[in-house]
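> Coordinates for the following, if possible.
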Amino acid sequence: MKGKLMMGLALAASVWSVTVGATPARQAPRKAAAKPATPFAFRNVRVSLPQDFDVEYPAGAGADAVNANCRACHSPSMVLSQPPLSAEEWHKEVRKMIDVYKAPIAEDQVGAITGYLTALSASAAK
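Here you go, the predicted model:
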């Protein structure tokens, strides 16, 4: 009888230890976030963007590639106001748009875009 009692107590102790170990520890309540040192206030701002959305890049070899790939981010007035660059410099700029800014330009369009921008630079330098 004493053996059965000891077995029962051992079993109860085992069940109790597993049950207590399975309950998650109580977490301390989270503190409220501290208020920022400088309060942030929203305000209305008016920004003037170039109004040449209906203007195409000047005609020329590669103009279609530039209109299809570059206009989403670069307006004609912005591109046409750039300083003259060499073909190598324009190629680096186009590669930067692809590699750094992830512009979705197909590799077979890079030469046409670079050539077009180089031709624009040459005509602007005259």
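
> could you pull out the helices for this protein?
With DSSP state H applied, the chain shows helices at 2-22, 63-69, 76-80, 87-99, 107-125, listed in chain order.

> now the chain, which segments are flagged as low pLDDT?
1-3, 5-29, 32-37, 49-50, 53, 126 (pLDDT under 70).

> rerun at 80
Applying pLDDT under 80 to the chain picks out residues 1-41, 47-56, 124-126.

> Need the distance between the two termini of stretch 65-82.
18 Å (Cα to Cα, to the nearest Å).

> mind listing what's buried in that stretch?
Neighbour-count burial for stretch 65-82 flags 65-66, 69-71, 74-76 (criterion: 16 or more other Cβ atoms under 10 Å). All C-beta spots, glycine's among them, are computed from the backbone N, C-alpha and C.

> Please apply the same query to stretch 44-64.
Neighbour-count burial for stretch 44-64 flags 57, 62-63 (criterion: 16+ other Cβ under 10 Å).

> Same check on stretch 115-125?
Going by neighbour count (16+ other Cβ under 10 Å), the buried part of stretch 115-125 is 115-121.

> Just send the buried residues of stretch 44-64 back as CSV, with distance to Ser48 too.
Output for the buried residues of stretch 44-64, formatted as CSV (distance: Cβ to Cβ, whole Å):
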residue, distance to Ser48
Tyr57, 21
Gly62, 29
Ala63, 26
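
> that older thread, and the furthest pair within the buried residues of stretch 65-82?
Greatest spatial distance among the buried residues of stretch 65-82 (Cβ to Cβ): Ala65 and Ser75, at 16.4 Å.
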